[in-house]
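J.: Everything below, folded, please.
(one chain, ligands or ions: 2)
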Amino acid sequence: MTETAVPTSANTSAEIPTIYKGLAGVVVDTTAISKVVPETNSLTYRGYAVQDLAAHCSFEEVAYLLWNGELPSETQLDRFRQQERASRGADRSLLSLVSKLPDNCHPMDVVRTAISYLGAEDPAEDDNSPEANRVKALRMMAVLPTVVAADLRRRRGLDPIAPSAELGFAENFLNMAFGEVPDVELVKAFEVSLILYAEHSFNASTFAARVVTSTLSDIYSAVTAAIGALKGPLHGGANEAVMHDMLEIAEPAAAEGWMRDKLSRKEKVMGFGHRVYKNGDSRVPTMKQAFVEVAARTGGEKWVEIYETLESVMNDATGIKPNLDFPTGPAYYLLGFDIEVFTPIFVMSRITGWTAHIIEQGESNALIRPLSEYHGVPQRSVVA
Ligand SMILES: CC(=O)SCCNC(=O)CCNC(=O)[C@H](O)C(C)(C)COP(=O)(O)OP(=O)(O)OC[C@H]1O[C@@H](n2cnc3c(N)ncnc32)[C@H](O)[C@@H]1OP(=O)(O)O
Ligand SMILES: O=C([O-])CC(=O)C(=O)O
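T.: Ligands and ions are numbered 1, 2, ... in the order given. Presented below is the predicted three-dimensional model:
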């Protein structure tokens, strides 16, 4: 990454340290997992361009790559698939626990609780060896779709559908959510979204996971923290906000006025802007293509028109470009997901990147503990 840190407060005196608000532009560690290069709009996972992976690989292959550093051979992939498929079952107590959460809680609360439960029931919770953490990561990746789909169906008043060992990761999740596997093109579009969402260097949720890991806490605690960070609308929660905005706009003719109003009120528009990319998100062209494909196959062309108008008005007015959450929100909507499930789907994918980082942090650990500059009242005495 070549972004340069810009101090938030100028270091004008020897006593006042330079402050990098939000750690913007600060390089805090090395990683061998992914590389984001904003200047060339490129993103690689373990050296492979993400577009290449999206075109040629399954989500399972990408998960294997993130955890092991190399794409699997056929034999390795067969074994990995068998392990993943055999780990999909959510036991009764887990499903019963999440089904007792309040009906109006956000599904992100459900996934956060599910991961906590998996930690609590794991007798090897505190074994932080890379081998143990790879096993736990695979279990979390395999079981989360079962929980997310069961919760989606519960909210619709439907019984859960058991996972099928005959289906790939993406197909199985769609089948558990909707009771059927959609057309192959829709499955591919969904799988592309999972691959694009899987990993993105030191984003806020991954960093949260690394902070927790740096204290020598366990992988479940680190993932739980990451889920909390992803939920916020400045991060993963933006994919939900995008679709709420698009539904408010409703018709292509209303999109330009809506955007101009937002900008005149100086409000942030979710799904636009990025901390690292300032000239467009490397993943957007691939996801936009997947969204257009989904829209064409589901009669959702008007959402593409709304997308393009918003993108063009924002670009003309500010030069700010869409991020990955912008095409993903409407694509998930057209695939049939309820809006509040969008960020849990992001979790189903990003858990691969988070756990790769947790393992990497553990292998070369230093407690993450920055400094702060105190600006409260000067020292004083308690008056009894
Ligand atoms: C998968 C992901 O997590 S991708 C990110 C998803 N998040 C969103 O889509 C939320 C909307 N976007 C944003 O809030 C921001 O672009 C962030 C938080 C993602 C990155 O922001 P930062 O690097 O911290 O930049 P910051 O928020 O300071 O923005 C810089 C300037 O651009 C403007 N800007 C940035 N994003 C937007 C936006 N989405 N809408 C309108 N203006 C924006 C800011 O208002 C600010 O303007 P100013 O300098 O006149 O005050
Ligand atoms: O990198 C970031 O800050 C946010 C992001 O795009 C991601 O996590 O995918």
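J.: residues contacting V6?
T.: Each residue near V6 by C-beta atoms under 8 Å, 6 or more residues apart in numbering is listed here: Y20, A24, G25. Bear in mind the C-beta positions are built from the backbone N, C-alpha and C, glycine included.
J.: any idea which of those is closest to S99?
T.: Of all those, the one with the least separation from S99 (C-beta to C-beta) is A24, at 41.6 Å.
J.: Settle this for me: that closest one is touching A5, isn't it.
T.: Yes: applying C-beta atoms under 8 Å as the test, A24 and A5 come out as touching, 6.8 Å apart.
J.: can you list the weak-confidence ranges in the chain?
T.: Scanning the chain for pLDDT under 70 picks out 1-4, 8-14.
J.: check which helix or strand covers the residue most central in space within it.
T.: Centroid-nearest residue in the chain, with C-alpha atoms, centre = their mean: F346, separated by 4.0 Å. Element membership of F346, judged by DSSP states H and E, is helix 342-363.
J.: How about A331?
T.: Per DSSP H and E: A331 is located in helix 325-335.
J.: same thing with W258?
T.: Element membership for W258 (DSSP H and E) is helix 255-264.
J.: Residue numbers of the stretch 101-250 of the chain in contact with ligand 2?
T.: Neighbours of ligand 2 within the stretch 101-250 of the chain, by C-beta under 6 Å from any ligand atom: H200, N203.
J.: Please name the nearest non-neighbouring residue to the residue in the stretch 101-250 of the chain that ligand 1 sits nearest to.
T.: In the stretch 101-250 of the chain, the residue that lies nearest ligand 1 is A238 (3.6 Å; C-beta to the nearest ligand atom). Of all residues not flanking A238 in the chain, D325 sits nearest, at 4.0 Å (C-beta to C-beta, 6 or more residues apart in numbering).
J.: Just list the residues touching the one you found, thanks.
T.: For D325, the contact set (C-beta under 8 Å, 6+ apart) comprises G236, A238, N239, A241, V242, M270, G271.
J.: Cross these against strands and list the overlap.
T.: The strands, defined by DSSP state E, take in nothing from those.
J.: Out of the residues you listed, which is nearest to ligand 2?
T.: Nearest to ligand 2 among the contacts of D325, with distances taken as C-beta to the nearest ligand atom, is G236, at 7.2 Å.
J.: show me the contacts for the closest one.
T.: Contact partners of G236, counting by C-beta under 8 Å, 6+ apart, are S205, L230, D325, T343, F346, V347, R350.
J.: Please report how far the closest residue to E199 other than its chain neighbours lies from G236.
T.: Computed as C-beta to C-beta, 6+ apart, the closest residue to E199 that is not its neighbour in sequence is G353, at 3.2 Å. Distance, G353 to G236, by C-beta to C-beta, to the nearest Å: 12 Å.
J.: ditto for D218
T.: 22 Å.
J.: quick one on the thing from earlier: list the buried residues for the following helix or strand past the helix holding W258?
T.: Next in sequence after helix 255-264, counting helices and strands by DSSP H and E, comes helix 284-298. Within helix 284-298, the residues that count as buried by 16 or more other C-beta atoms under 10 Å are V284, T286, M287, K288, A290, F291, V292, E293, V294, A295, T298.
J.: Phi, psi for the closest residue to G273 other than its chain neighbours please.
T.: Nearest residue to G273 in three dimensions, chain neighbours excluded: I320, at 5.0 Å (C-beta to C-beta, 6+ apart). With angles defined as degrees, to the nearest 10, I320 sits at phi -80, psi 140.
J.: so who does the closest residue to ligand 2 within the stretch 1-150 of the chain touch?
T.: Proximity of the stretch 1-150 of the chain to ligand 2 (C-beta to the nearest ligand atom) peaks at V36, 7.0 Å away. Each residue near V36 by C-beta under 8 Å, 6+ apart is listed here: M1, S42, L43, H200, S201, V276, Y277, S282.
J.: Contact residues of the stretch 1-150 of the chain facing ligand 1?
T.: G22.
J.: Can you list the residue ranges for helices in the stretch 1-150 of the chain?
T.: Applying DSSP state H, counting those that start in this stretch to the stretch 1-150 of the chain gives helices spanning 50-56, 59-68, 74-86, 92-99, 107-121, 130-155.
J.: How many residues are close by the residue of the stretch 251-384 of the chain found nearest ligand 1?
T.: Going by C-beta to the nearest ligand atom, ligand 1 is nearest to G273 of the stretch 251-384 of the chain, at 2.2 Å. G273: 18 surrounding residues under other C-beta atoms under 10 Å.
J.: what's next to stretch 287-301, contact-wise?
T.: Contacts of stretch 287-301 (C-beta under 8 Å, 6+ apart): 183, 185-186, 188-189, 192-193, 196, 303-304, 307, 324, 327-328, 330-331, 333-335.
J.: surely T318 meets L263?
T.: Yes: the criterion here is C-beta under 8 Å, and T318 meets it with L263 at 7.0 Å.
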